[in-house]
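J.: whatever this is, show me its structure:
(one chain, ligands or ions: 1)
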Amino acid sequence: MFNALVVEKDEESGKTSAGVRKMGLDELPHAEVTVAVDYSTVNYKDGLCIGPGGGLVRKYPHVPGIDFAGTVEASEDDRYKPGDKVVLTGWRVGEAHWGGYAQKARVKADWLVPLPSGLTTRQAMAVGTAGLTAMLAVMALEDHGLKPGHGPVLVTGAAGGVGSVAVALLANLGHEVAAVTGRPETADYLKSLGASQIVPREELTEVTRKPLESELWAGCVDAVAGAMLGRVLKQMKYGSSVAAIGLAGGAAIEGALITPFILRGVNLLGIDSVMQPYENRLRAWERIAADLPMDRLEAMVQPATLGDLPTLGAAILKGQVQGRVVVDVN
Ligand code: NDP
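T.: Numbering: from 1, shown residues only. Below is the predicted model of the structure:
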């Protein structure tokens, strides 16, 4: 028997409730690889799946947790054997499939990535889906020409999970980093991660009719969208790129005009971590092991247990979680 955070749905009221309970291996879904989970994390999607579901969960009871790291216990696939350390992010695990909020998980071999050398399972989950996405965003900006010395790189939603890792990565790679936050009390934290400039959220939330603004940013990792992305696009330097990763501020791009694209050659790069091909995942995890300063990663970590998840899930939906939550499921 092992512990799992299980979300149940009351069919009459339609309400969901989450709690830790014991379950047996025979309750896990069938798949090729059984993993003893060490750590998981809390992402925005986890908040939805621990709570009302957000349209992501199809069947109850459900075990959420969109990412985890641990050790292979049993494998029907030649690529993995007992004792191998592995990481999982994406592929709709924790949404359509049972996820990492349990001491055991059973998943497809295709969904796993070997733990990169130099990282522990705890560090891998301090990075998690948020950190992997931040790395994919930075790689996309680099692939489109961003180099240190080009000017300040803006990170929106900076005190959140993706934002924190993006700030630390970019600063460590030698970029000047400007961090947008709606929480002024996180300024010291963001500076400790390497931000040299703090931009108050209110400066970028007004929707304006201007076709363009002064050119300020050499690149941007945007976790917010909404009115903020509409404004940021108009402030991008000629030929620069924005990596769009999230929608913490809304699903539309408010006030966006075509002018930044056709008058300044600005690029809007979409970043998806869920269906990201295996080769690029490996490349991103190797870059994380090489380029993310582990002391700064540790400074972002807030430890948690399975029992803390209902509270943390509600907090992340309100934008109240700082940095990265690492859930020790044992
Ligand atoms: P967090 O909640 O940790 O961070 C989001 C941050 O955005 C908050 O901390 C806050 O930063 C800011 N924010 C929240 N609400 C608003 C608002 N209304 N207006 C402006 N800023 C706001 O989430 P994550 O970092 O884990 O994820 C960020 C986004 O990225 C989410 O939308 C998530 O779904 C998406 N995502 C996408 C992935 C992909 O594959 N593309 C993968 C992972 C996440 P501050 O307090 O500093 O202002």
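
J.: C-alpha only now, for contacts and for neighbours.
T.: Fine.

J.: skip the chain neighbours and tell me the closest residue to the residue nearest the centre of the chain.
T.: Among the residues of the chain, the one closest to the centroid is Ala130, at 1.7 Å (Cα atoms, centre = their mean). In this structure, Ala130 finds its nearest non-sequential neighbour in Val162, 4.5 Å apart by Cα to Cα, 6 or more residues apart in numbering.

J.: would you list the phi and psi of that neighbour?
T.: phi -60, psi -50 (degrees, to the nearest 10).

J.: can you check Ser241 too?
T.: For Ser241, the backbone dihedrals (degrees, to the nearest 10) come out as phi -130, psi 150.

J.: I'd like the next helix or strand past the longest helix anywhere in the chain.
T.: Taking DSSP state H as the criterion, the chain has its longest helix at helix 121-143. The first helix or strand that comes after helix 121-143 along the chain, using DSSP states H and E, is strand 153-155.

J.: now do that following strand: which elements does it pack against?
T.: Judged by 3 or more Cα pairs under 8 Å, 6 or more residues apart in numbering; DSSP states H and E, strand 153-155 is in contact with helix 161-172, strand 177-181, strand 217-222.

J.: from the ligand, how far off is the closest residue to Asp77 other than its chain neighbours?
T.: Leaving aside its chain neighbours, Asp77 sits nearest to Glu32 (6.1 Å; criterion: Cα to Cα, 6+ apart). From Glu32 across to the ligand, the span is 25 Å (Cα to the nearest ligand atom, to the nearest Å).

J.: what do you get for Asn280?
T.: Counting by Cα to the nearest ligand atom, the gap from Asn280 to the ligand is 13 Å.

J.: swap in Leu136?
T.: Per Cα to the nearest ligand atom, Leu136 is found 9 Å from the ligand.

J.: thinking that residue is in contact with Trp285, fair?
T.: No. Applying Cα atoms under 8 Å, one finds Leu136 not in contact with Trp285, separated by 9.4 Å.

J.: returning to that earlier point: what's near enough to touch the residue nearest to Ala130?
T.: Neighbour list for Val162: Ala130, Gly131, Thr133, Ala134, Ala223, Gly323 [criterion: Cα atoms under 8 Å, 6 or more residues apart in numbering].

J.: could you do Asn267 as well?
T.: Here Asn267 is in contact with Gly239, Ser240, Ser241, Val242, Phe261 (Cα under 8 Å, 6+ apart).

J.: what's the helix or strand for the closest residue to Thr34 other than its chain neighbours?
T.: Distances taken as Cα to Cα, 6+ apart place Arg106 nearest to Thr34, at 4.4 Å, with adjacent residues excluded. Using DSSP H and E, Arg106 maps to strand 104-107.

J.: could I get the average pLDDT for that strand?
T.: In this model, strand 104-107 has an average pLDDT of 98.

J.: near the ligand, which residues of the stretch 151-300 of the chain?
T.: Counting by Cα under 6 Å from any ligand atom, the stretch 151-300 of the chain comes close to the ligand at 157-163, 181-183, 223-224, 245-249, 271-274.
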